[in-house]
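> predicted model follows, preceded by the sequence.
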Amino acid sequence: MAGGAAAACTPRRDGETVLRFWAMGNEGGTVGELMPEFERRNPGVRVSVQPLPWTAAHEKLLTAYAGASLPDVSQIGNTWVAELSAIGALSPTPPEAADLLTDQFPAVLETNQIAGLAMTTPWYVDTRLLFYRKDLLARGGFDAPPQDWAEWKRAMHGVKRAAGGDNYAILLPLNEFEQLLTFGLQIDEPLLRDRDTRGNFSSPGFIAALAFYRSLFAEGLAPLASSAQISNVWTEFARGYFSFYFSGPWSVGDFRSRLPASFQPNWATAGVPGPNGLGASAPGGSSLAVFKSSPHQDAAWALVRYLSEPAVQARFNTIVGDLPARQSAWDIAQVERDPMLAPFRGQLERAKAVPKVPEWERIVTEMQIVAERMVRGEYTPETAAAEIDRRADRLLEKRRWMIEQGRAV
């Protein structure tokens, strides 16, 4: 059975249980620093960390499932939870580990749940908010970052005038879906309907989001450019090519390390404006998954519990800079003493989970493709919304069939 009998892949050496733990990106290279303390507390258990690049991780997990060679525990992107749950790869959180689900940001926790059951455990969190030029905003006539769309539009025209020349107000790379998705999350209507089997992009709210997005290009506030056409974000930000930029906590370190000390007072971070005040963004980050195929469930969950301890997450924040999933760890690590990171807490509290269907990443890719064609004049917001719905409905066809057959939740 695929993903079933993997006992041979989790070895024991001289009575020692070896837990295989896959970790990605920066975490893969640094989480090993936390393992000596876990092994001291759990005699007879050793953790073997295998670092993986993010670009290969998703495919490697699916290949390992098909080949019955999954690790005991893995870091996963939280948008993968629905897919890995659908194929039956995940071991749900047991009742004795229910305390792991407390002290979490609600929207982040929701991304880890399927039908109300926690399938994975949040490990670290992120979300996107606004990075902005304080100096150009002030020169444009605004002494504080905008909080709603109308004020933001006025501010963007102000900073464009202040920047002068061929500069713009905001960077919205046409090959990225995250910015339009953030606008879409401000609306009251869900992005999918009918038990997540059909697109709901033709709702009045999402059409308004599309219209606002398109207007930023039509009014010359955003360049018609992809991310590949930007030499590097920090240099263009510093020279005033754009003054507003959506990004996450990873950019804080980039801006600090790559821009000169003389420039540092000129930028800050702020919450995402919505139609009627500060609004939502998508919850991001990574989760810890225990796989059903692991023959060492108790030891695997012990590792997840350890990595979820607020003090351990606070220590990991000092090692790698990730924002802790547990809110109490923010206080221990004193994250909010950093004025650039402090706004992320409020943004995470306003975050809104995206639909939890395996097809979601393909749906937002189609959304981005149609949106680019819209800003180039091929669609109106109304016809673009209808086209996104058509493409989403096609991708969700199998899900509709499974719902009809009673095989999906």
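Here it is on my side, so go on.
> going forward, measure contacts between C-alpha atoms and count neighbours the same way
Will do.
> so residue 143 sits in a strand?
No - applying DSSP: H, G, I helix; E, B strand; the rest coil, one finds residue 143 to be coil, outside a strand.
> tell me how far the residue lying closest to it once chain neighbours are set aside lies from residue 157.
Nearest-residue entry for residue 143: residue 137, 7.0 Å, with adjacent residues in sequence omitted and distances by C-alpha to C-alpha, 6 or more residues apart in numbering. Distance from residue 137 to residue 157, counting by C-alpha to C-alpha, to the nearest Å: 10 Å.
> same question, residue 368
Residue 368 is 25 Å from residue 157, by C-alpha to C-alpha.
> repeat that for residue 95.
Residue 95 sits 54 Å away from residue 157, going by C-alpha to C-alpha.
> who's more crowded, the two?
residue 157 (19 against 8; other C-alpha atoms under 10 Å).
> for that one, helix, strand, or coil?
Under three-state DSSP, the three-state class of residue 157 is helix.
> each with direction, which strands does the helix or strand harbouring residue 130 pair with?
Assigned by DSSP states H and E, residue 130 belongs to strand 129-133. Sheet pairing of strand 129-133 (DSSP bridges) gives strand 244-247 (antiparallel), strand 267-270 (antiparallel).
> what about the helix or strand following it, average pLDDT?
Counting by DSSP H and E, the next helix or strand C-terminal to strand 129-133 is helix 134-139. Across helix 134-139, pLDDT averages out at 98.
> just stretch 352-364 next, same as before
Rounded mean pLDDT across stretch 352-364 is 95.
> just so I know, which of the strands paired with strand 129-133 lies nearest residue 305?
Checking the strands paired with strand 129-133 against residue 305 by C-alpha to C-alpha gives strand 244-247 as the closest, at 29.8 Å.
> for the closest one, C-alpha coordinates in PDB please.
These are the backbone C-alpha positions of strand 244-247, laid out as PDB (Å, rounded to 0.1, in the frame of the first residue of the first chain):
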ATOM      1  CA  PHE A 244       5.000  50.500  -1.500                       C
ATOM      2  CA  TYR A 245       5.800  46.800  -1.600                       C
ATOM      3  CA  PHE A 246       4.000  43.700  -0.400                       C
ATOM      4  CA  SER A 247       6.300  41.200   1.400                       C
END
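> after that strand, next one along is what?
Strand 244-247 is succeeded, C-terminally, by helix 250-258 (DSSP H and E).
> quick one, phi psi at the nearest residue to residue 57 once chain neighbours are set aside?
Leaving aside its sequence neighbours, residue 57 sits nearest to residue 24 (C-alpha to C-alpha, 6+ apart; 7.2 Å). Backbone torsions for residue 24, taken as degrees, to the nearest 10, come to phi -110, psi 160.
> in this structure residue 24 contacts residue 52, no?
Yes - using C-alpha atoms under 8 Å, residue 24 is in contact with residue 52, at 4.7 Å.
> neighbour count: the two, which is higher?
Comparing residue 24 with residue 52 by other C-alpha under 10 Å, the one with more neighbours is residue 24, at 22 against 19.
> where exactly do the helices run in the stretch 151-300 of the chain?
Using DSSP state H, counting those that start in this stretch, the helices found in the stretch 151-300 of the chain span residues 178-184, 204-218, 233-238, 250-258, 297-307.
> the fourth one: how far from the chain's middle?
Read it as helix 250-258. 18 Å (C-alpha atoms, centre = their mean, to the nearest Å).
> and the gap between residue 368 and residue 176?
From residue 368 over to residue 176 (counting by C-alpha to C-alpha), the distance is 7 Å.
> my bad, residue 288
Counting by C-alpha to C-alpha, the separation of residue 288 from residue 176 is 26 Å.
> which one of those two has more residues nearby?
The neighbour comparison of residue 288 against residue 176 (other C-alpha under 10 Å) goes to residue 288, with 27 against 17.
> contact partners for that one?
Applying C-alpha atoms under 8 Å, 6 or more residues apart in numbering to residue 288 gives the contacts 73, 74, 75, 76, 120, 121, 122, 123, 304.
> can you tell me which of those residues are in helices?
Of the positions in the contacts of residue 288, residue 304 sit in helices, assigned by DSSP state H.
> which one of the contacts of residue 288 is nearest residue 400?
Out of the contacts of residue 288, the member with the shortest distance to residue 400 (by C-alpha to C-alpha) is residue 120, at 25.2 Å.
> isn't the closest one up against residue 287?
Yes - contact criterion C-alpha under 8 Å: residue 120 and residue 287 qualify, at 6.0 Å.
> more neighbours, those two?
Taking neighbours as other C-alpha under 10 Å, residue 120 and residue 287 compare with residue 120 leading, 29 against 26.
> now for the more buried one: which residues touch it?
Taking C-alpha under 8 Å, 6+ apart, one finds 81, 90, 91, 92, 93, 112, 113, 287, 288, 289, 290 in contact with residue 120.
> my read: residue 141 touches residue 158, true?
Yes - when contacts are counted by C-alpha under 8 Å, residue 141 is listed as touching residue 158 (6.7 Å).
> so between those two, which is more surrounded?
Set residue 141 next to residue 158 and count neighbours by other C-alpha under 10 Å: residue 158 wins out with 19 against 13.
> count the residues that sit near the nearest residue to that one once chain neighbours are set aside.
If you skip the residues right next to it in sequence, residue 158 has residue 140 as its closest partner in space, 4.1 Å away by C-alpha to C-alpha, 6+ apart. The number of residues packed near residue 140 is 19, by other C-alpha under 10 Å.
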